[in-house]
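Sequence below, structure please.
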Amino acid sequence: MASRSFPKKIAIVLSDFPVISETFIALQVAHLLKKNKHVKIYNIGKIGNYAWLPKGLDEHIKEKDIIHVNKHADDNLFMPLIHLLFKSPISTLKLLFSNPFPEGRKKTINTLFYLEQLTSFDVVHFQFITIADQCLKYKSYGFLKKQENFFCSIRGYDVTKDKFNHLLNWELIFKHIKVFLPVCDFLKNKLKAKKHFNNQSLTENVYSPINIDNIPNKNDSQETLITFISVGRLVEKKGIDIALKALSVLKDNGEKFQYTIIGDGPDLDILQAQTSQLNLTNEVHFLGALPSTETLEIMTKHQILLMPSKTAKDGDCEGIPNVIKEAMHMGLQVISTTHAGIPELIKNEINGYICLENDNNSFLQGIYECIHNKSNWNDINNNARNTICEGFTPDKTTEQLLKAYNSIL
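Here you go, the predicted structure:
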């Protein structure tokens, strides 16, 4: 039977915090804190930009709740080393001698000193599989002996990106993770298809939440000009090239529109060049990466979110992009694809529009169906908002998460 009080102490382990593309993690932590859970964030990566935190979360997530492990890497490590040698002398020496570089040894001592604190928590929740892989290797050296309650969220590249997956010690991961928390059925099935998947491992879907309290309503202006927007990191799996090709045909057929792209990434130069080649420089506007609050405000001034997600050449996939949920709650029409977990959220012409993945003609057809059926927009908007309120609010997803934590009792 689930216990309302379990777990009392939760360790969230991640890399880089806060970052603009992972605001859902901060939202999840804030709602655990609101439920009077003792939550500590262990950031083993870079210290991010606190401006990326969604509005209002700084009221709940305080500096005392976060340990930036690498911030202490240049401190005097004599006492941490003595502590580790006292607790596990053979394991400590074995681990240190496995790293021939002094800087690597210093980082190992520092990281391990803080990770040993995880044994005092009821639950240790890795936010990505790469973080689990990085931390669980210490268990194979004999550390973290007293901690067995490991959980791990499963998102897009965790189980789809080839170059990461070949490097991960899946046997070790499946041995020690008690419960996996995929954000959609698509990723759950990808996980279960892994070679070393242990049928005794539990999988509990926990959706990524959106901060509905801070999502403004769409501007109801009656302008006739069609306004499109895309939001996300500019990488292959976002499929922005598909949107540009479709809009080029739309322009050639006489439609007037504006298209805003918010985000930055390695494909920016490629997409800007494509925009020029397709003669769309007057219609397409690249705004770069922006804080969440500013992004949401800009979204309210648009009619349609374009999300032509596709599988990248290296296998990288989405889960369910949070910007789709935000747009659905806000009142934008959403045009997306059959990629990954997106069809688990969008039902075609009921709460949005679904097109074939990586198919220029199908995406163009979806745009035409949307813009030529404005009489259906109100019904689609109502259905979309209901979909989000029923399954993707922080209260709903925190309930899912606590239920998953309790599954080990």
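
Quick one: find the helix or strand in the chain with the lowest mean pLDDT.
Sorted by mean pLDDT, DSSP states H and E, the helices and strands of the chain end with helix 162-165, the least confident at a mean of 78.

Now that helix: buried residues?
Buried residues in helix 162-165, defined by neighbour count with 16 or more other CB atoms under 10 Å: 164, 165. Any C-beta I mention is one placed from the backbone N, CA and C, and that applies to glycine too.

next one: it to chain centre, how far?
17 Å (CA atoms, centre = their mean, to the nearest Å).

Going forward, the N-terminal residue is numbered 11.
Will do, 11 is the new start, and the previous item becomes helix 172-175.

elements contacting that helix?
Judged by 3 or more CB pairs under 8 Å, 6 or more residues apart in numbering; DSSP states H and E, helix 172-175 is in contact with helix 166-170.

residues near residue 106, how many?
A count of neighbours around residue 106, defined by other CB atoms under 10 Å, yields 18.

who touches the least confident helix or strand of the chain?
139, 140, 167, 168, 169, 324, 325 (CB atoms under 8 Å, 6 or more residues apart in numbering).

ditto for stretch 181-190
Contacts of stretch 181-190 (CB under 8 Å, 6+ apart): 136, 139, 142-143, 146-147, 149-150, 158-164, 198, 201, 204, 206-208, 211-214, 414-415, 417-418.

Can I get that stretch in CSV? Just the C-alpha atoms.
Extracted as CSV, the C-alpha positions of stretch 181-190 are listed here (Å, rounded to 0.1, in the frame of the first residue of the first chain):
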residue,chain,number,x,y,z
GLU,A,181,24.0,-4.2,-17.9
LEU,A,182,25.0,-2.1,-14.9
ILE,A,183,22.1,0.2,-15.4
PHE,A,184,19.5,-2.5,-15.5
LYS,A,185,21.1,-4.2,-12.5
HIS,A,186,20.8,-1.2,-10.2
ILE,A,187,17.8,0.9,-11.4
LYS,A,188,14.7,-0.2,-9.5
VAL,A,189,12.2,1.9,-11.5
PHE,A,190,12.5,3.5,-14.8
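
Next SSE downstream of the host helix or strand of residue 260?
Following DSSP states H and E, one finds residue 260 within helix 250-262. Where DSSP H and E defines the elements, the next helix or strand beyond helix 250-262 is strand 267-272.

And that next one, what does it pack against?
Contacts defined by 3+ CB pairs under 8 Å, 6+ apart place strand 267-272 against strand 236-241, helix 250-262, strand 294-298, helix 302-309.

Which SSE is immediately downstream of it?
helix 278-287.

excluding its backbone neighbours, what's nearest residue 284?
Of all residues not flanking residue 284 in the chain, residue 254 sits nearest, at 5.4 Å (CB to CB, 6 or more residues apart in numbering).

Point out the most buried one among the helices and strands packed on strand 267-272.
strand 236-241 (a mean of 22; mean count of other CB atoms under 10 Å).

Tell me which residues are up against that strand.
248, 250, 253, 257, 265-273, 305, 308-309, 311-317, 333, 342, 381.

quick check: angle from it to strand 267-272?
Using axes from the mean of the first three to the mean of the last three CA atoms, to 10 degrees, the inter-axis angle of strand 236-241 relative to strand 267-272 is 10 degrees.

just how off-centre is strand 236-241 within its chain?
Distance, centroid of strand 236-241 to centroid of chain: 21 Å (CA atoms, centre = their mean).

Residue 16: which element?
Using DSSP H and E, residue 16 falls within no helix or strand.

how about it, what does it touch?
Contact analysis of residue 16 by CB under 8 Å, 6+ apart lists 132, 415, 416, 419.

which one of the residues you listed has the most neighbours?
That'd be residue 415 among the contacts of residue 16, by other CB under 10 Å, with 26 neighbours.

Identify each buried residue in the very next helix or strand once past the least confident helix or strand of the chain, please.
Once the chain leaves helix 172-175, the next helix or strand it forms, by DSSP H and E, is helix 180-186. By 16+ other CB under 10 Å, the buried positions in helix 180-186 come out as 180, 182, 183, 184, 186.

repeat for stretch 361-375
361, 362, 363, 364, 365, 367, 368, 369, 370, 372, 373, 374.

Does residue 307 touch residue 226 like I think?
Yes - applying CB atoms under 8 Å as the test, residue 307 and residue 226 come out as touching, 6.4 Å apart.

Helix or strand: which one has residue 363?
Using DSSP H and E, residue 363 falls in strand 363-365.

Which elements pack onto that strand?
Using 3+ CB pairs under 8 Å, 6+ apart: strand 363-365 touches strand 343-347, helix 370-381.

Mind listing the strands it pairs with, and their directions?
Strand pairing for strand 363-365, using DSSP bridges, gives strand 343-347 (parallel).

Now the partner strand: buried residues?
For strand 343-347, burial by neighbour count (16+ other CB under 10 Å) applies to 343, 344, 345, 346, 347.

Next, the contact list for residue 390, please.
343, 359, 360, 361, 362 are the contacts of residue 390 under CB under 8 Å, 6+ apart.

pLDDT at the nearest residue to residue 48 once chain neighbours are set aside, what is it?
Take residue 48 and drop its neighbours on the chain: the residue closest to it by CB to CB, 6+ apart is residue 19, 4.7 Å away. Confidence at residue 19, expressed as pLDDT, is 96.

tally of neighbours for residue 19?
By other CB under 10 Å, 14 other residues sit near residue 19.

And residue 274, by the same measure?
Residues within reach of residue 274, counting by other CB under 10 Å, total 16.

Distance-wise, check it relative to residue 328.
Remark: distance between residue 274 and residue 328 (CB to CB, to the nearest Å) = 18 Å.

contacting residues around the closest residue to residue 193 other than its chain neighbours?
Nearest residue to residue 193 in three dimensions, chain neighbours excluded: residue 329, at 4.2 Å (CB to CB, 6+ apart). Listed by CB under 8 Å, 6+ apart, the contact set of residue 329 reads 165, 166, 192, 193, 194, 196, 197, 218, 350, 351.
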